[in-house]
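Student: The sequence and its predicted three-dimensional model are supplied below.
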Amino acid sequence: MSSPQEILLPVRDYDLAATLDSGQVFRWQRVENLWHGVIRKHFVQLTQTADGIHAHAAAPVTDWNFLREFLQSEVNLAAILNTFPDDEPMRAAVAACRGLRLLRQEPWECLASFILSSTKQIVQIRQIVALLCEWFGEPTTVGRASPRAANNLRHDKDGSRGRSPHQFPTAEKIASLTEANLRDCKMGFRAPSLLAAARRIADGSFDLERIRQMNYAEARLELMKLRGVGGKIADCVLLFGYGFDAAFPVDVWIERALQELYFPRRRASEKRLRKFAATHFGPHAGYAQQYLFHYMRTKKN
């Protein structure tokens, strides 16, 4: 099934809910069994069906490859899972989260979102990003959104939805703002970091596209030249925005997972954990990280 506004991606072994709600992205909302969000300039509604993922766009689409790329729907998940270590913690995480995928986001939105994620919980990140997009992003077309999704855009209790969907503001747009403008979006001390990154990208002194030509170590160091970008944020951007599967973001959840599951009798340093991750989880360590992350957040306890 395919039309200017609808398509069915015939993907198997794909858990759409887990994938969109596992801390990779912050702009997707659920209405019953329907998810709606914005990918670049497209307002899209996604539904998991027995045959795959059904997508409905609010405006006609001439090329659906943007959606296939974002969802990574053509990736061979079984081949990736076969590279994971055959140990009890990893087996438990895969069994609990089967169908979890990594998304491929637009690098600027990914970078900006994770700069805003510092020391914040997911619900708070969603609120900040929602305000930023509402106030400074270009609006998308919602005229032919499904009735359920359109109604949900008008009703919200946590500030993370309830507004007409907007595109993520460009680096050039954010660069034109003041720190006070950004602080009004409730991002606090993260505002100067976001503004500094946007200005460097807008004036051409930092090239996000150049990251694609680097190896993982080079790319990580390059991103860490930006204000507010440490190792964890750089790894998130490399993993979710560029597809560097060697990137292994270590936050409190992953540190806890590695300590409890792999070092239960002694506390390991962050350096030791990173060295262990680099050698233990194989060529798709970042994928393994996401399974452990989601497992610890939602399943284990």
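Tutor: Good, I have the coordinates.
Student: show me what contacts L16?
Tutor: 35, 46, 48, 53 (Cβ atoms under 8 Å, 6 or more residues apart in numbering). Every residue, glycine included, has its C-beta placed from N, CA and C.
Student: now the second one, what's its secondary structure?
Tutor: When you say that, I think you mean L46. Secondary structure for L46, judged by DSSP: H, G, I helix; E, B strand; the rest coil, is strand.
Student: Share the number of residues neighbouring it, please.
Tutor: 22 (other Cβ atoms under 10 Å).
Student: From the contacts of L16, keep the buried residues only.
Tutor: 35, 46, 48, 53 (16 or more other Cβ atoms under 10 Å).
Student: wait, is the last one part of a strand?
Tutor: Yes. Assessed by three-state DSSP, I53 belongs to a strand.
Student: show me what contacts it?
Tutor: Counting by Cβ under 8 Å, 6+ apart, I53 makes contact with 8-9, 11, 14, 16, 46-47, 71, 73.
Student: tell me which of the residues you listed is nearest to L195?
Tutor: Nearest to L195, judged by Cβ to Cβ, of these is L71 at 31.1 Å.
Student: out of the contacts of I53, what pair is the most spread apart?
Tutor: Based on Cβ to Cβ, the longest span within the contacts of I53 runs between T47 and S73 and measures 13.9 Å.
Student: circling back to that earlier point, between the contacts of L16, which sits nearest M224?
Tutor: M224 has its nearest neighbour among the contacts of L16 in W35, at 32.6 Å by Cβ to Cβ.
Student: what about the closest one, helix or strand, and which?
Tutor: W35 is part of strand 34-39, with elements assigned from DSSP states H and E.
Student: Check R98 too.
Tutor: Per DSSP H and E, R98 falls between elements, in no helix or strand.
Student: That one contacts D13, correct?
Tutor: Yes. Applying Cβ atoms under 8 Å, one finds R98 in contact with D13, separated by 6.9 Å.
Student: Just the residues contacting the host helix or strand of A180, thanks.
Tutor: Assessed by DSSP H and E, A180 sits inside helix 179-183. For helix 179-183, contacts defined as Cβ under 8 Å, 6+ apart pick out 132, 135-136, 174, 191-192, 194-195.
Student: Next, count neighbours for K271.
Tutor: When neighbours are defined as other Cβ under 10 Å, K271 has 8 of them.
Student: Go through the helix or strand harbouring it and flag the buried ones.
Tutor: Following DSSP H and E, one finds K271 within helix 270-280. Buried residues in helix 270-280, counting neighbours by 16+ other Cβ under 10 Å, are found at 273-274, 277, 280.
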